[in-house]
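K.L.:
turn this into a model:
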Amino acid sequence: MQDPSPSDVIVAKGLTHSYGEGELKNEILHQLDFRVLAKEVTLLVGPSGSGKSTLLTLIGALRSVETGSLHVLGRQLLGASENELMAIRRRIGFIFQSHNLVASLTVLQNVQLLLQLAEPDPKLRQERAKAMLDAVGLSARLHHFPDELSGGQRQRVAIARALAPEPDLVLADEPTASLDSKSGQDVVELLGDLCRRRSSAVLLVTHDLRLLKDADRIWGIEDGRIHPWEEEEAKHNLSH
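P.N.:
As a prediction, the model looks like this:
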């Protein structure tokens, strides 16, 4: 694989990761080589336990890279200092399966919370938060608290919170799992729009077959190894 180019947001070469030590050592990811490009929505698919979530935490600088090379947003993560890792995390929007909203804050306040570094002006911060909540269909829930929302609505707040700072990279772990078909489609379109406007990238872990047609690129993980998949191949593999 060639060295990173300006269009590469993520480049992995020989990336390997294991859990445990000695006889208990279990290799989760084996010699991964892959790229994620700017202005693209890339899906990461595969069976449960194949290492998808582990890979997201490595890319998001939430877990240390042990072996191989991993460039994210132009930085090599292997051997990076904690300050360097923190700088990378600030440029990434994270969407997890659990929404992790602050229960004591309203919907609007939850989204504004992550904007404090990106937008120092309180008025502009509120405007950006409102615009993103409107984009995910929650303009009528601005002053509700998380426990007053459905599971799908809470997930949409989490998505709005991640996208409001307009990150250079979005890492999403099953973001549409608790959403209906229409809401899930809207979220993917929103992510795609962010990519095109910001020249950013989205890497999305999913089992949702409905999303395959909206992807620019699909990577499949099986038995700790990664392969490029076409839409029909992904459908077949995920259906069996």
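K.L.:
could you use CA atoms for every contact and neighbour count after this?
P.N.:
Will do.
K.L.:
which residues does the one helix or strand in the chain whose mean pLDDT sits lowest contact?
P.N.:
Using mean pLDDT, DSSP states H and E, the weakest-scoring helix or strand in the chain turns out to be helix 231-239, at a mean of 77. Contact partners of helix 231-239, identified using C-alpha atoms under 8 Å, 6 or more residues apart in numbering, comprise 45-47, 207, 209, 212-213, 218, 220.
K.L.:
cool, stretch 161-169 as well?
P.N.:
Contacts to stretch 161-169, defined as C-alpha under 8 Å, 6+ apart, come from residues 9, 73, 91-95, 110-112, 114-115, 118-119, 128-129, 132, 170, 194, 198-203.
K.L.:
just the buried members of those?
P.N.:
9, 73, 91-95, 110-112, 114-115, 128-129, 132, 170, 194, 199-203 (16 or more other C-alpha atoms under 10 Å).
K.L.:
tell me the centre residue of the chain?
P.N.:
Compute the mean C-alpha point of the chain, and by C-alpha atoms, centre = their mean the closest residue is Leu171, 1.2 Å away.
K.L.:
that residue - that's part of a strand, no?
P.N.:
Yes. Assessed by DSSP: H, G, I helix; E, B strand; the rest coil, Leu171 belongs to a strand.
K.L.:
could you write out the alpha-carbon coordinates of the least confident helix or strand of the chain in PDB?
P.N.:
Taking Å, rounded to 0.1, in the frame of the first residue of the first chain, the C-alpha atoms of helix 231-239 are listed here in PDB:
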ATOM      1  CA  GLU A 231     -22.800  -4.000  -2.100                       C
ATOM      2  CA  GLU A 232     -24.200  -7.400  -3.300                       C
ATOM      3  CA  GLU A 233     -21.300  -9.200  -1.600                       C
ATOM      4  CA  ALA A 234     -22.000  -7.400   1.600                       C
ATOM      5  CA  LYS A 235     -25.700  -8.200   1.500                       C
ATOM      6  CA  HIS A 236     -24.900 -11.900   1.000                       C
ATOM      7  CA  ASN A 237     -22.300 -12.100   3.700                       C
ATOM      8  CA  LEU A 238     -24.500 -10.200   6.300                       C
ATOM      9  CA  SER A 239     -27.600 -12.200   5.500                       C
END
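K.L.:
doesn't Leu203 make contact with the residue nearest to the centre of the chain?
P.N.:
Yes. Taking contacts as C-alpha atoms under 8 Å, Leu171 lies within contact range of Leu203: 5.1 Å.
K.L.:
could you tell me which residues touch both of the two?
P.N.:
With C-alpha under 8 Å, 6+ apart, Leu171 and Leu203 have no common neighbours.
K.L.:
hang on, the earlier thing: the contacts of stretch 161-169 in helices, which ones?
P.N.:
The members of these that map onto helices under DSSP state H are 110-112, 128-129, 132, 194, 198.
K.L.:
SS state for His207?
P.N.:
Going by three-state DSSP: His207 is coil.
K.L.:
tell me which residues touch it, please.
P.N.:
So, once contact is read as C-alpha under 8 Å, 6+ apart, His207 ends up touching 45-46, 174, 238.
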